[in-house]
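Enquirer: Fold the following.
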Amino acid sequence: MADNKVKTTENLNTKKPSATAGYFMVLCAGVLWGSIGFFVRKLNELGIDTELTAFMRVFCAWVILIPLLLGMSLKSGRNYFRISRKGLLQCLIMGIVTQALFNLSYSGCINSVGVAMGSVLLYTAPIFVSILSRLLFKEEINGRKGISLVINLVGCFIMVTGGDLSVLKVSGIGILLGVGAGFFYAMVTILGKFTSDEVDPFTMVFYNFMFGWISLALISNPLPKIAVASSPYFWLLAFGYGLIPTVGSYLFYMNGISRDVELSRVPVIASVEPIIATLIGLLVFSENISLVNALGLVIVLVSIVLMNTGGKHDK
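Expert: This is a model prediction of the structure:
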């Protein structure tokens, strides 16, 4: 019995650092995702539409990963481009769902109901992750998680709208697209967890982006638009968009969820993203932030702290 207790204690001690590191990586991913608005805004100033912006993000990220994986392969003697048929199929599904379908749904939602309403609907993603984690991975949705989730949604809503409901537009198709974007965003976590058991995170992200940009290219035909928009500043922004909130964030995120983490906690931790976006708006673009917006920011921070206090078996 004593030996068993020692082994159990050792197992818990080995899992906790892994879980802590995983949650920290998810937090880092959220911080990097928070810079999305900066690049989107700068590209919009050049007259780049949402479809080309989405394509350039995924395509440039894929290009950046080629020399990175090549260097890693040469250094380690391991071929990071090698992937099994099963892994390739998983990455194909992931690329279509979490890149092409997500970007198209979210762009369509914003065009239909505006940025504020689109952002609110996107933050339904934690609900989908919690439900799917319960169904697929048997994760418990306890009181602490439920309260954290509700607080997080309220905080995101207040932060996005500033408490002013007049900024929200209502459209049936727009709401449907927004909820769809939330679902596809949630599938980054669910499909990423499945795929991370089969494929190295670097390899997974590479093929995810590859299938993502191919799908977007087939749908949006970006080459004529690129020819018109092409300039050194355009390419600098495009590759910056591909590097910071795409390659960097996804590698942190996929490495994080491949560890001993509870998936239902992940989206709440990653919701640091709108906080960073708000701070960038304040510091870089001199946007005004009301006390109500600031209150929403604080509420989101409270939800993140609450989600990460206590052990796995808190009731």
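
Enquirer: as a whole number, average confidence for the host helix or strand of residue 293?
Expert: Using DSSP states H and E, residue 293 sits within helix 291-307. The average pLDDT within helix 291-307 is 90.

Enquirer: Summarise which helices and strands it is packed against.
Expert: Where contact means 3 or more C-beta pairs under 8 Å, 6 or more residues apart in numbering; DSSP states H and E, helix 291-307 is packed against helix 143-161, helix 266-270, helix 272-283. The C-beta positions use only the backbone N, C-alpha and C, and glycine is treated the same way.

Enquirer: Make JSON lines out of those and add distance to residue 178.
Expert: Converted to JSON lines, those look like this (distance: least, C-beta to C-beta, whole Å):
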{"stretch": "helix 143-161", "distance to residue 178": "12"}
{"stretch": "helix 266-270", "distance to residue 178": "16"}
{"stretch": "helix 272-283", "distance to residue 178": "15"}
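
Enquirer: so which of these comes closest to residue 34?
Expert: Nearest to residue 34, of all those, is helix 272-283, at 2.5 Å by C-beta to C-beta.

Enquirer: Okay, buried residues for the closest one please.
Expert: 272, 273, 274, 275, 276, 277, 278, 280, 281 (16 or more other C-beta atoms under 10 Å).

Enquirer: Got phi/psi on the residue lying closest to the fifth one once chain neighbours are set aside?
Expert: Yep, that's residue 276 we're talking about. Spatial nearest neighbour of residue 276, chain neighbours left out: residue 34 (2.5 Å); criterion: C-beta to C-beta, 6 or more residues apart in numbering. When read as degrees, to the nearest 10, the backbone of residue 34 gives phi -60, psi -20.

Enquirer: repeat for residue 61
Expert: Dihedral angles (degrees, to the nearest 10) for residue 61: phi -60, psi -40.

Enquirer: Hmm, residue 240 and it touching each other?
Expert: No. Residue 61 is beyond contact range of residue 240, at 10.7 Å (criterion: C-beta atoms under 8 Å).

Enquirer: Just put the helices and strands packed on helix 291-307 in CSV and tack on mean pLDDT and distance to residue 173.
Expert: Output for these, formatted as CSV (pLDDT from 0 to 100; distance: least, C-beta to C-beta, whole Å):
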stretch, mean pLDDT, distance to residue 173
helix 143-161, 89, 20
helix 266-270, 92, 25
helix 272-283, 88, 24
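
Enquirer: Mind checking those for the one nearest to residue 121?
Expert: By C-beta to C-beta (comparing all of the helices and strands packed on helix 291-307), the closest turns out to be helix 143-161, at 10.1 Å.

Enquirer: Against which helices or strands is the closest one packed?
Expert: helix 102-122, helix 125-137, helix 266-270, helix 272-283, helix 291-307.

Enquirer: which secondary structure elements does the longest one contact?
Expert: Secondary structure elements in contact with helix 102-122, counted by 3+ C-beta pairs under 8 Å, 6+ apart, are helix 50-76, helix 143-161, helix 172-196, helix 201-220.

Enquirer: buried sites along it?
Expert: Going by 16+ other C-beta under 10 Å, helix 102-122 has these buried residues: 102-110, 112-114, 116-122.

Enquirer: Kindly calculate the angle that that helix makes with helix 172-196.
Expert: 110 degrees (axes from the mean of the first three to the mean of the last three C-alpha atoms, to 10 degrees).

Enquirer: Could you list the residues in contact with helix 102-122?
Expert: With C-beta atoms under 8 Å, 6 or more residues apart in numbering as the contact definition, helix 102-122 has outside contacts at 50-51, 54, 58, 156-157, 160-161, 167-171, 173-175, 177-182, 184-185, 187-188, 216, 219, 274.

Enquirer: Pull up the gap between residue 275 and residue 169, please.
Expert: Distance of residue 275 to residue 169, given as C-beta to C-beta, to the nearest Å: 24 Å.

Enquirer: low-scoring stretches of the protein, by residue?
Expert: 1-17, 310-315 (pLDDT under 70).

Enquirer: Near residue 203, how many other residues are there?
Expert: 23 (other C-beta atoms under 10 Å).

Enquirer: what do you get for residue 293?
Expert: By other C-beta under 10 Å, neighbour count at residue 293 equals 20.

Enquirer: Surely it and residue 156 touch.
Expert: No. If you go by C-beta under 8 Å, residue 293 and residue 156 don't touch, sitting 11.3 Å apart.

Enquirer: Residue 256: how many residues sit nearby?
Expert: 27.

Enquirer: what's the closest non-adjacent residue to it?
Expert: residue 25 (3.3 Å).

Enquirer: give me the element that neighbour is part of.
Expert: Applying DSSP H and E, one finds residue 25 within helix 2-33.

Enquirer: Now the element after that helix, going C-ward?
Expert: Taking DSSP H and E, what comes next after helix 2-33 is helix 36-45.
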